[in-house]
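Chemist: got a sequence here, can you build the structure:
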Amino acid sequence: MAHFAELDKDNKVLRVVVGCNTDIANNGGEQSTQAATHFETVVPLSANGVKWVQTSYNHNFRKQYAGAGDTYDETNDRFLKGKPGAAWTYNTDGDLVPPMPMPSDDKIYIWDEDAYQADNTTGWVPLPNQPE
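Modeler: Sure thing, here's the model as predicted:
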């Protein structure tokens with residue numbers, strides 16, 4: 001199955017829809033502009049959509065599988081995951097980098113943007129009820 005991400009004017013992913021591999025093969029092939037244009041005739045764009053871009057469920061192209069809220073980096077032809085917080089950045093490979101490293105003990109942590117914004121030193125918060 002082929003997958004296409006619908007993008008808005010800012011290259012934000014609005015949704016991802018499954019298409020037919022035969023349609024793709026008969027209309028320009030994988031990753032082609034022609035296939036994306038044809039896909040629009042099969043699944044019309046929503047009110048805020050401006051174009052379809054093919055994404056790979058198996059991460060075979062365009063860095064990673066697109067999801068709603070992600071961004072398409074047109075310059076580098078890849079999808080970037082949505083940032084969990086404003087201070088997070090992307091490295092040259094398009095991977096997310098937190099503003100501070102996650103603790104390296106055996107606990108499970110989640111990012112707490114509000115805590116980080118409050119003091120810029122606390123961001124990783126351990127999940128409750130973990131063994132000591």
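Chemist: can we go C-alpha only for contacts and neighbour counts from here?
Modeler: Will do.
Chemist: now do stretch 95-105, average pLDDT.
Modeler: Averaging pLDDT along stretch 95-105 gives 93.
Chemist: tell me the buried residues in it?
Modeler: 96, 98 (16 or more other C-alpha atoms under 10 Å).
Chemist: that stretch: end-to-end distance?
Modeler: 23 Å (C-alpha to C-alpha, to the nearest Å).
Chemist: quick one, what contacts Thr92?
Modeler: By C-alpha atoms under 8 Å, 6 or more residues apart in numbering, Thr92 lies in contact with nothing.
Chemist: separation between it and Ala86?
Modeler: Thr92 is 18 Å from Ala86, by C-alpha to C-alpha.
Chemist: and Asn48, by the same measure?
Modeler: On the measure of C-alpha to C-alpha, Asn48 and Ala86 end up 24 Å apart.
Chemist: who's in contact with Met1?
Modeler: So Met1 contacts 18-21 (C-alpha under 8 Å, 6+ apart).
Chemist: hmm, 10 Å instead?
Modeler: 18-22, 24, 56-57 (C-alpha atoms under 10 Å, 6 or more residues apart in numbering).
Chemist: now do Gln130
Modeler: Per C-alpha under 10 Å, 6+ apart, neighbours of Gln130: 106-108.
Chemist: and the helix or strand bottoming out on mean pLDDT in the chain, which residues are buried?
Modeler: Least confident element among the helices and strands of the chain, by mean pLDDT, DSSP states H and E: helix 113-119 (a mean of 88). For helix 113-119, the neighbour count (16+ other C-alpha under 10 Å) marks 113, 116 as buried.
Chemist: repeat for stretch 125-132
Modeler: For stretch 125-132, a neighbour-count test (16+ other C-alpha under 10 Å) marks Val125 as buried.
Chemist: quick one: terminal-to-terminal distance for it?
Modeler: From start residue to end residue, stretch 125-132 stretches across 15 Å - C-alpha to C-alpha.
Chemist: same check on stretch 99-117?
Modeler: Start-to-end, stretch 99-117 (C-alpha to C-alpha) is 11 Å.
Chemist: alright, I will stop here.
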